[in-house]
Each structure stands twice: as C-alpha cells, then as structure tokens.
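*Asks:* Quick one, structure for this:
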Amino acid sequence: MRPRVLVTRPEPGASATARRLEEVGFSPVVMPLSETLALPVDVSAIPHDMDAVAVTSANAIRHASDDLIASLAGRRLFAVGRKTAKAAREAGFASVIEGSGDAVGLADQILAELPAGSRILYLTGRVRLDHFERRIAESGLRVFVKETYDTRRIDYPEEAVASLLAGGQIDAVLLYSAKAAEALSGLAGQPGMHSLFATARYFCLSDRVAASLNAAEKDRISIAAEPTEDALLSLLKADR
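*Replies:* Take a look at the predicted model:
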C-alpha cells in the first residue's frame, strides 16, 4: 500500500509536488494550508538606477505585475535556485544568474560579482526571513525591498477536511512554511482529526517551520538538510 503524504504547500506548487510523489510511489493528498496573494507595487516609485534584481522565491516573480516585470526585464537578475531562475526566464528576464538554492549563498554570489556600492532591488514576500537582505546590507551594498506577494493561512471547515482526508491515516506531512505548520498543528489537535495524524511524520523545510509545530509532534519531525523541495523529498524517501 502506498504511503499517504499530505501536501500543504500553496498551488500551483502543490499539484506539481503531488505529481512528483506519485512518480516515486507515494499517494499524495493535496490540501494547501496557506496561499500566496499578489500585493500592489507602485512601479513609478522604484529607482531607475538599480544595478541588479534579486529574487529568493519564484512566487515573487509569479505575483509581480506585467508592468513591474517589463520595467525590470532588461536588468540582470540573481535567482536563489533552479525553479526561481526558470520562473524569471519565463517571465521575460534575459540575463538570469542561478544560485545554489540558499538565500545567504545567493547574497555571497552577488557580493562576489557586483562592485561595492551597487544597488540591488529585492523582490520578495511580506512574510520572510531577513537573512538575504541583512547579508547584503552588512556588506555595504544597498538593497531596496519590494514586496510583491503575501502569504496567508487557509482554514478549512471540519467537514471539508474530513472529505479531503477520507481514505485512512496520513503517513507523512510535507510542511513548507511556518504558517502551514501552525495550521496543521491546530488541525491535528482537533478531536475528530487526531486519529488521522496519530502516527504521521512531519517533514519540514527548515528549523523555523519545525519550531511552529506543537510539542506533541516534536518526536516525529524531520528537517531537510537545505531549504529546497529536492532535499525535503529526499528526506521523505529515505524515511520510507
């Protein structure tokens, strides 16, 4: 019997993850516990003398307006990893430098390639860690932040959850954000839901995500070696 894996990331990524899980012998259950929403950006307020654009999430590209993309597409863009670089190229950026998947590593790559005093436009989400921008700022480069999207928790009615999870216990849960982890803890703690998650293992993208789970779940948590889906799925497969 295929292990049932709950996929909690927002769409469209959740469906893509489900396909990957099916290909390697898991039975995915898609139930996003957070969603990303576009934020308005005043393109006219962005300085015209930016030397480069930096992006640490593909969502920052997906939720950017056409006007914003058009105003920046001629500049060099530093992307945190493969998926973000792909999203940037598809959006119209011609010069895309692909990082290794780590935000601080991307900052170091920018510092190595751009001269002192360079100005970086950072497209990002409202909910984020500050590792990238702090590393850039500490080095003397100037970073200008534009938030193109927000992340919000999704709460489902109990009957909707029961319908989505029908079919037996959940064997594993993939958690990509602190908001999703908080929502999952609340869900698993409900009297009618507890049995579905009684033996589930929680696979978290980072320490921050894991810290948002309840204490009762701590002995069933595994954390990816790096904050990428490839690392998360490798962890899941190794635990099978």
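*Asks:* Count the neighbours of the residue nearest to A79 when sequence neighbours are not counted for me.
*Replies:* Once flanking residues are discounted, A79 sits nearest to A85: 3.8 Å by Cβ to Cβ, 6 or more residues apart in numbering. (C-beta placed from N, C-alpha, C; glycine too.) A count of nearby residues for A85, using other Cβ atoms under 10 Å, gives 21.
*Asks:* Do I have it right that A85 meets E98?
*Replies:* Yes: counting by Cβ atoms under 8 Å, A85 touches E98, with 4.0 Å between them.
*Asks:* Can you pull the residues that touch both of those two?
*Replies:* With contacts taken as Cβ atoms under 8 Å, 6 or more residues apart in numbering, A85 and E98 have A79 as neighbours in common.
*Asks:* Ramachandran angles for Y156?
*Replies:* phi -100, psi 150 (degrees, to the nearest 10).
*Asks:* Okay, it and M31: tell me how far apart.
*Replies:* Y156 sits 7 Å away from M31, going by Cβ to Cβ, to the nearest Å.
*Asks:* Buried ones in whichever helix or strand K86 is part of, by neighbour count?
*Replies:* Using DSSP states H and E, the element containing K86 is helix 82-91. The neighbour-count check on helix 82-91 (16 or more other Cβ atoms under 10 Å) flags K83, T84, A85, A87, A88, R89, A91 as buried.
*Asks:* ok, so of the residues you listed, who is nearest E22?
*Replies:* For those, the residue nearest E22 by Cβ to Cβ is K83; the value is 19.0 Å.
*Asks:* Please give me every residue in contact with the residue lying closest to that closest one once chain neighbours are set aside.
*Replies:* For K83, ignoring the flanking residues on the chain, the nearest one in space by Cβ to Cβ, 6+ apart is A58 at 5.1 Å. Contacts here follow Cβ under 8 Å, 6+ apart; on that basis A58 touches K83, T84, K86, A87.
*Asks:* same deal with A188?
*Replies:* A188 touches H194, L196, F197, A200, N214, E217, counting by Cβ under 8 Å, 6+ apart.
*Asks:* you'd agree the third one is up against A172?
*Replies:* This points to F197. No: the pair F197 / A172 is not scored as a contact, 10.2 Å apart, by Cβ under 8 Å.
*Asks:* Residues touching the longest strand anywhere in the chain, excluding its own?
*Replies:* Ranked by residue count and defined by DSSP state E, the top strand of the chain is strand 142-153. For strand 142-153, the external contacting residues (Cβ under 8 Å, 6+ apart) are 10, 33-39, 41, 46-47, 50, 54, 59-64, 68, 117-127, 133, 136-137, 177, 179-180, 182-183.
*Asks:* Can you say which of those residues are buried?
*Replies:* Buried, going by 16+ other Cβ under 10 Å: 10, 33-34, 36, 41, 50, 54, 59-64, 68, 118, 120-125, 133, 136, 177, 179-180, 182-183, out of the contacts of strand 142-153.
*Asks:* can you tell me which of those are in strands?
*Replies:* S34, T36, A54, I120, L121, Y122, L123, T124, G125.
*Asks:* Next, format the residues you listed as JSON lines and append distance to S163 and pLDDT.
*Replies:* Shown next, in JSON lines, are those (distance: Cβ to Cβ, whole Å; pLDDT from 0 to 100):
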{"residue": "S34", "distance to S163": "20", "pLDDT": "90"}
{"residue": "T36", "distance to S163": "24", "pLDDT": "93"}
{"residue": "A54", "distance to S163": "41", "pLDDT": "98"}
{"residue": "I120", "distance to S163": "46", "pLDDT": "95"}
{"residue": "L121", "distance to S163": "44", "pLDDT": "97"}
{"residue": "Y122", "distance to S163": "40", "pLDDT": "97"}
{"residue": "L123", "distance to S163": "37", "pLDDT": "98"}
{"residue": "T124", "distance to S163": "35", "pLDDT": "97"}
{"residue": "G125", "distance to S163": "30", "pLDDT": "96"}
